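Enquirer: Need coordinates for the following:
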Amino acid sequence: MTTSKDIPNPKKPGFFARLKQRLNIGGGLGLGSLNWLSGRKLDAELEDEIEERLLLADVGVETTQHIIDGLRKRLKQAPVGDSDRDALQTALRDELMDILQPVAVPLKVDESSRPFAILMVGVNGSGKTTTIGKLAKYFKGQGRSVLLAAGDTYRAAATEQLQAWGDRNSVPVISQVAGSDPAAVIFDALNSAKARGINIVLADTAGRLQNQDNLMRELQKVVRVASRVDADAPHEVMLVLDASLGQNALHQALQFHKAIGVTGITMTKLDGGGRGGILLAIAHRMRIPFRFIGMGEQADDMVPFDAGRFVDALLNFPVNSEQDN
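Expert: This is a model prediction of the structure:
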């Protein structure tokens, strides 16, 4: 008699294999396997078709035009024909890589800075607090000590959620009563981490609505107060963006960067209805490093951004399971 113990557990697909599956539900980027490009010439009709698919994928008008122009230049001296049926597919992948590869910059923690302060910013619902929990596990897995600062003092559930992540990862959480000054919480957290010799502080902040100047000014105050503990703090201002927001995510990024100077971006909820093209729009417009991408609620549902694997997932190209995270 066969029992459940006799049935092997199927290996969970790697992150980028799951991302490819998510992005290509219903066509994903809209480019499918790109077989529809084989053997075709980049004429006006095909340009219109590629443009439409890119726009539907949240790539945006400006970046879409940049990609089309790049394809023209690449193929001008090498028109697609029967002798090179994959030239257009290769050219499109190369165009996307030219946009994303420069921003695929891993976050480097300066070991001489104790603590290395990472200020997490973003609007409500972007997945910011969950991202902090995932980062806590990620850094602990590297052998680093971590402390969390509950700087979102206006939403009681935020502190509770952060405490739950702290308990799960066995890392301390510094918090104060609801309504406390967020800058004071983060100031205390940095001093506490400094006294304990902790490597990294992950500081949560309230979900700033990017069109409310008073909240942005408060965030600027947090930055000023952090610099009193360490002149270089915060060492990273990480903006968490929801991929399912499409072009509105670009608008958020522009506003946060104008207010406080974003140094890194983590894109979340790539399984939440987003088509993935918004990363191209932000990378092309802003050139701010992408640090991590995520989907889902589990700690392993976030990985460092890899331009090549992301583009292959986006275009429904094969994913190397041996190299996949």
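Enquirer: Which parts of the protein are helices?
Expert: Secondary structure of the chain (DSSP state H): helices located at 15-23, 44-56, 61-75, 87-100, 128-141, 156-169, 182-196, 213-229, 247-260, 278-286, 307-314.
Enquirer: Out of these, which is closest to residue 111?
Expert: Closest to residue 111 of these is helix 128-141 (Cβ to Cβ; 12.3 Å). Using the backbone N, CA and C atoms, a C-beta is placed for each residue, glycine as well.
Enquirer: that older thread, I'd like the helices of the chain as JSON lines, with distance to residue 205 and mean neighbour count appended.
Expert: Shown next, in JSON lines, are these (distance: least, Cβ to Cβ, whole Å; neighbours: other Cβ atoms under 10 Å):
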{"stretch": "helix 15-23", "distance to residue 205": "27", "mean neighbour count": "22"}
{"stretch": "helix 44-56", "distance to residue 205": "33", "mean neighbour count": "15"}
{"stretch": "helix 61-75", "distance to residue 205": "29", "mean neighbour count": "16"}
{"stretch": "helix 87-100", "distance to residue 205": "27", "mean neighbour count": "20"}
{"stretch": "helix 128-141", "distance to residue 205": "8", "mean neighbour count": "22"}
{"stretch": "helix 156-169", "distance to residue 205": "9", "mean neighbour count": "17"}
{"stretch": "helix 182-196", "distance to residue 205": "6", "mean neighbour count": "20"}
{"stretch": "helix 213-229", "distance to residue 205": "6", "mean neighbour count": "16"}
{"stretch": "helix 247-260", "distance to residue 205": "10", "mean neighbour count": "19"}
{"stretch": "helix 278-286", "distance to residue 205": "20", "mean neighbour count": "23"}
{"stretch": "helix 307-314", "distance to residue 205": "27", "mean neighbour count": "23"}
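Enquirer: Out of these, the one nearest residue 107 is which?
Expert: Proximity to residue 107 (Cβ to Cβ) singles out helix 128-141 among the helices of the chain, at 9.1 Å.
Enquirer: Can you name the residues in contact with that closest one?
Expert: With contact meaning Cβ atoms under 8 Å, 6 or more residues apart in numbering, helix 128-141 is reached by 109, 118, 120-122, 146, 148, 152, 158, 161-162, 164-166, 168-171, 199-200, 202, 204-205, 207, 240, 266, 268, 292, 294, 297, 299, 301-302.
Enquirer: wait, which of the helices of the chain is closest to residue 114?
Expert: With Cβ to Cβ as the criterion, residue 114 lies closest to helix 182-196 of the helices of the chain, at 6.5 Å.
Enquirer: Low-confidence bits of the stretch 151-300 of the chain, can you list those?
Expert: Applying pLDDT under 70 to the stretch 151-300 of the chain flags the ranges 208-211, 273-274.
Enquirer: Try it again at 80.
Expert: Within the stretch 151-300 of the chain, the stretches with pLDDT under 80 are 156, 208-214, 272-275, 299-300.
Enquirer: Residue 309 reaches residue 16, doesn't it?
Expert: Yes: counting by Cβ atoms under 8 Å, residue 309 does reach residue 16; the two are 4.5 Å apart.
Enquirer: Any idea how many residues pack against the closest residue to residue 206 other than its chain neighbours?
Expert: For residue 206, ignoring the flanking residues on the chain, the nearest one in space by Cβ to Cβ, 6 or more residues apart in numbering is residue 152 at 4.5 Å. The local packing of residue 152 (other Cβ atoms under 10 Å) involves 25 other residues.
Enquirer: Then residue 119?
Expert: The tally of other residues near residue 119 (other Cβ under 10 Å) stands at 26.
Enquirer: How about the contacts made by it?
Expert: Contacts of residue 119 (Cβ under 8 Å, 6+ apart): 186, 203, 205, 222-223, 226, 234, 236-238.
Enquirer: Dump the residues you listed to a markdown table, plus distance to residue 177.
Expert: A markdown table is the format used below for the contacts of residue 119 (distance: Cβ to Cβ, whole Å):
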| residue | distance to residue 177 |
| --- | --- |
| 186 | 15 |
| 203 | 17 |
| 205 | 17 |
| 222 | 18 |
| 223 | 23 |
| 226 | 21 |
| 234 | 24 |
| 236 | 28 |
| 237 | 26 |
| 238 | 26 |
